[in-house]
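Colleague: sequence unavailable; structure follows:
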């Protein structure tokens, strides 16, 4: 966002904005009927809302580029995903619903079979069952107690051989190489600091790895670990500072709560399903002035290629929409993070149908909510990173530029 | 193209892309009928294809900017024409169908009348007939044999007094001034190197010019030459490296083969007319996975201002289109390098109607192929330099960005 645009936002807790993100919203025509999922679904509430809204299509990253969920959500909140670097370690932590803090150091870890000469024999320790993962992490936690002075250690369980290691204690630089030699039969690599800010981290990781090897010495298979993708939280301006807002995130899936935490949104619980999500919105409506609410079933159906299921997911959302409208926000966004057309089974690059409802919308009275009706709408094809700014404008939460 | 987009292309020789470029495709309404050339033509195959495709309009360079053919084609392949510098010498070589190589040095040349004191008396040597041009170039070739050790010399005939000089032999810097004093009655300028990489070139040019003067000494009119626009090939990433593709170019006109060579496309012969072009496409279809096919008659008719002739050129292309469709590429682009409206007699800045056909297109079933139907299409108004990326997305030849 241009710095001069940033100066224009006005704090106004009375003029609330709600951003409803239907994951994987956009679709493509069914080859038999020629109609998309949205065009097939019976969604009277969405259609009525569309006929009163500014319509357009949101371009997640760049023309032709299909986004993953993380970059797609960052774009939805005004960030430029291509300019943000963050390692796998952070993504794993966010996906585990872990509240990572600035200065924390995260790495993706594998249990591995490593011999006394540091030769890696099995990079996945025979793919242990998840219960083994739980037992091994707990054994490490207990054994490491008191071994890393001044540092808090977090081990997050994953599937099979995978887990995540996090260190907390001051500013821990993340410019560290993997210790994974990438091939079996080769020797572990020493973890070396690539800058002075990471020297303390390198010492800490060496101490941690050495202590862990002692603790795992009596194991038959998982005798050590590989660490990859060291990373800290990217240094992003918070959503609240960017828009002078008080924001909150409501999502049933940990990954989306994680990305919301990355931009400093307050995460409201861990609701199960859309009913509990809307309840959380209603209950916390007085406390914040920007709400992100995430709806997953549309994307899941798209990935499965189940056209009827995606249609049903849209209809289920449509049924609950009036409760959200009843809150009467100054602006209501309904969009997706990307398209997941059923005929494609995957995310796609297609711009995402989007509406912004407000008293200041330039509507088309005969429009319904569909990819094709959004095509000709007031918002045109616009960058996802401009969406919240457009909604803030629709909510009268921006000054004019210049006299 | 953003470097992060560049990382997303997947090599896949089985998912082919064909880019059909109808030169000067876009038009404007005939003042009498109110219909453009495309809207007037009877083009049932193009219309049917359009109704199943993603439609949009391609912006060649920037709003309001009319491109020449060279920059327009570079944009069609993803390059930013404003960021590429190349001299007239290169353009002449490319237009002569000459296979210029990296390190080669090219200059535009004029035969001129120059006296023993190096005073230029006629900058065009009395505009000799083309046969004289042929004789003089041949005389120079023979006379210069063995005079430029370690260097290969090429002289490309032009019209009247014009020809092109090319030197090949290692890395020849092109930072050299013209020897043309620009006005008659003035003295020839010495050719001086502007950087160290061009010092050897300056010596070479001096030796060449001195030897040529001796050979031309017995001529009555063409006693010397002027050299202008020294240039080497611009340092472009090749199309194949950019998109991880194996590309081939099919064009009846040398200029377009030349621009395709500039980006490293394999040029497939020198077909005469669209019939032979399509035959070349069919015969080489197994050997490459990206094909550029150029069709000239639409532009020629536009320049002549012959509305009916442009309509006929469109109808002739329409008639052969099914043979191209029968190859069943994963994505088929149909576009132009720029507009050449008959009422304008020249290239124009108007965005060019474009379709991308693929199973993943978001079509409009009632669309025909026209400037005005492309307006409301899925692709919107997009930059020409994004076109191949969009087609690669439509052909499922891109990874997603981020997790």
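Modeller: Thanks, I have the structure now. All figures in this text were calculated on a predicted structure; none of them were measured in a lab.

Colleague: what's the residue of the stretch 151-300 of chain A found nearest chain B in contact with, if anything?
Modeller: At 9.0 Å from chain B, residue A:255 is the closest residue in the stretch 151-300 of chain A, using CB to the nearest CB. (Each C-beta comes from the backbone N, C-alpha and C, glycine too.) Contact partners of residue A:255, counting by CB atoms under 8 Å, 6 or more residues apart in numbering or on different chains, are A:69, A:70, A:94, A:95.

Colleague: where's it, which helix or strand?
Modeller: Under the criterion of DSSP states H and E, residue A:255 resides in helix A:254-262.

Colleague: that helix: how far from the chain's middle?
Modeller: From the chain centre to the centre of helix A:254-262 is a distance of 5 Å (CA atoms, centre = their mean, to the nearest Å).

Colleague: over to stretch A:191-204?
Modeller: Worked out by CA atoms, centre = their mean, stretch A:191-204 lies 28 Å from the chain centre.

Colleague: sorry, back to before: near chain B, which of the contacts of residue A:255 show up?
Modeller: Restricting those to those within reach of chain B (CB under 8 Å from any CB of the partner chain) leaves A:69, A:70.

Colleague: any idea which of the contacts of residue A:255 is closest to chain B?
Modeller: The closest of these, once distances to chain B are taken by CB to the nearest CB, is residue A:70, at 5.2 Å.

Colleague: ok and the helix or strand containing the closest one relative to helix A:254-262, angle-wise?
Modeller: If you go by DSSP H and E, residue A:70 is part of helix A:69-76. For helix A:69-76 against helix A:254-262, the angle by axes from the mean of the first three to the mean of the last three CA atoms, to 10 degrees is 40 degrees.

Colleague: by contact count, what packs against helix A:69-76?
Modeller: Applying 3 or more CB pairs under 8 Å, 6 or more residues apart in numbering or on different chains; DSSP states H and E, one finds that helix A:69-76 contacts strand A:17-22, helix A:254-262.

Colleague: can you tell me which of the ones you listed the model trusts least?
Modeller: Among the helices and strands packed on helix A:69-76, helix A:254-262 has the lowest mean pLDDT, at a mean of 90.

Colleague: report the angle between that helix and strand A:17-22.
Modeller: 150 degrees.

Colleague: next SSE downstream of the helix or strand of chain A with the lowest mean pLDDT?
Modeller: Within chain A, no helix or strand scores below helix A:88-95, which has a mean of 79 by mean pLDDT, DSSP states H and E. Where DSSP H and E defines the elements, the next helix or strand beyond helix A:88-95 is strand A:105-114.

Colleague: re the thing from before, how far out from the middle of the chain is the helix holding residue A:70?
Modeller: For helix A:69-76, the distance to the chain centre is 6 Å (CA atoms, centre = their mean).

Colleague: relative to helix A:88-95, how tilted is that helix?
Modeller: Put simply, helix A:69-76 runs at 80 degrees to helix A:88-95, going by the same axes, to 10 degrees.

Colleague: average model confidence for helix A:69-76?
Modeller: On average, the pLDDT along helix A:69-76 is 95.

Colleague: show me where chain A has helices.
Modeller: Ranges of helices in chain A, per DSSP state H, are A:3-6, A:37-40, A:44-51, A:69-76, A:88-95, A:130-144, A:199-216, A:239-243, A:254-262, A:273-283, A:297-304, A:307-325, A:371-375, A:387-394.

Colleague: can you tell me which of the ones you listed is most buried?
Modeller: Comparing the helices of chain A by mean neighbour count (mean count of other CB atoms under 10 Å in any protein chain shown), helix A:69-76 comes out on top with a mean of 26.

Colleague: residues in contact with residue A:23?
Modeller: Applying CB under 8 Å, 6+ apart, one finds that residue A:23 lies in contact with A:69, A:256, A:294, A:295, A:296, A:298, A:299, A:300, A:336, A:337, A:340.

Colleague: partners of the fourth one in the sheet?
Modeller: Read it as residue A:295. Taking DSSP bridges as the rule, residue A:295 bridges to residue A:22.

Colleague: would you confirm that it contacts residue A:317?
Modeller: Yes. Using CB atoms under 8 Å, residue A:295 is in contact with residue A:317, at 5.7 Å.

Colleague: joint contacts of these two?
Modeller: Between them, residue A:295 and residue A:317 share the contacting residues A:22, A:274, judged by CB under 8 Å, 6+ apart.

Colleague: count the residues that sit near the residue lying closest to residue A:34 once chain neighbours are set aside.
Modeller: Leaving aside its chain neighbours, residue A:34 sits nearest to residue B:365 (5.7 Å; criterion: CB to CB, 6 or more residues apart in numbering or on different chains). For residue B:365, the number of neighbouring residues by other CB atoms under 10 Å in any protein chain shown comes to 10.

Colleague: can I see the domain layout of chain A?
Modeller: What automatic domain parsing lists as the domains of chain A is A:3-84+A:236-394, A:90-231.

Colleague: find the centremost residue of chain A, please.
Modeller: residue A:259 (3.4 Å; CA atoms, centre = their mean).

Colleague: excluding chain neighbours, what is closest to that one?
Modeller: residue A:73 is the one closest to residue A:259 (CB to CB, 6+ apart), at 4.6 Å.

Colleague: got it, and residue A:355?
Modeller: residue A:53 (3.9 Å).

Colleague: same deal with residue A:16?
Modeller: residue A:329 (4.4 Å).

Colleague: OK, contacts around the one you found?
Modeller: Contacts for residue A:329 (CB under 8 Å, 6+ apart) come out as A:16, A:17, A:18, A:291, A:395.

Colleague: for it, grab phi and psi.
Modeller: phi -70, psi 160 (degrees, to the nearest 10).

Colleague: let's see the pLDDT reported for it.
Modeller: 98.

Colleague: within range of chain B, give me the residues from chain A.
Modeller: So chain A meets chain B at A:28-29, A:34, A:36, A:61-72, A:81-82, A:88, A:91, A:341, A:343-344, A:346-351, A:371-372, A:375-376, A:380-381 (CB under 8 Å from any CB).

Colleague: now intersect these with the strands, please.
Modeller: A:66, A:67, A:380, A:381 (DSSP state E).

Colleague: need these in a markdown table (columns: neighbour count).
Modeller: What follows is these, written out as a markdown table (neighbours: other CB atoms under 10 Å in any protein chain shown):
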| residue | neighbour count |
| --- | --- |
| A:66 | 24 |
| A:67 | 26 |
| A:380 | 15 |
| A:381 | 19 |
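
Colleague: what's the most distant pair in those residues?
Modeller: A:66 and A:380 (20.9 Å; CB to CB).

Colleague: and the gap between residue A:207 and residue A:152?
Modeller: 14 Å (CB to CB, to the nearest Å).

Colleague: same question for residue A:364.
Modeller: 55 Å.

Colleague: the two: which is more packed in?
Modeller: residue A:364 (17 against 10).

Colleague: contacting residues around residue A:320?
Modeller: Going by CB under 8 Å, 6+ apart, residue A:320 touches A:274, A:275, A:278.

Colleague: for the nearest residue to residue A:272 once chain neighbours are set aside, grab the count of nearby residues.
Modeller: Residue nearest to residue A:272 in three dimensions, not counting chain neighbours: residue A:252, with 5.9 Å by CB to CB, 6+ apart. Residues within reach of residue A:252, counting by other CB under 10 Å, total 20.

Colleague: report the contact partners of residue A:252.
Modeller: By CB under 8 Å, 6+ apart, the contact list for residue A:252 reads A:270, A:271, A:272, A:273, A:274, A:276, A:277, A:294, A:296.

Colleague: redo these as JSON lines? Include pLDDT.
Modeller: Putting the contacts of residue A:252 into JSON lines (pLDDT from 0 to 100) gives the following:
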{"residue": "A:270", "pLDDT": "92"}
{"residue": "A:271", "pLDDT": "95"}
{"residue": "A:272", "pLDDT": "94"}
{"residue": "A:273", "pLDDT": "96"}
{"residue": "A:274", "pLDDT": "98"}
{"residue": "A:276", "pLDDT": "98"}
{"residue": "A:277", "pLDDT": "98"}
{"residue": "A:294", "pLDDT": "98"}
{"residue": "A:296", "pLDDT": "96"}
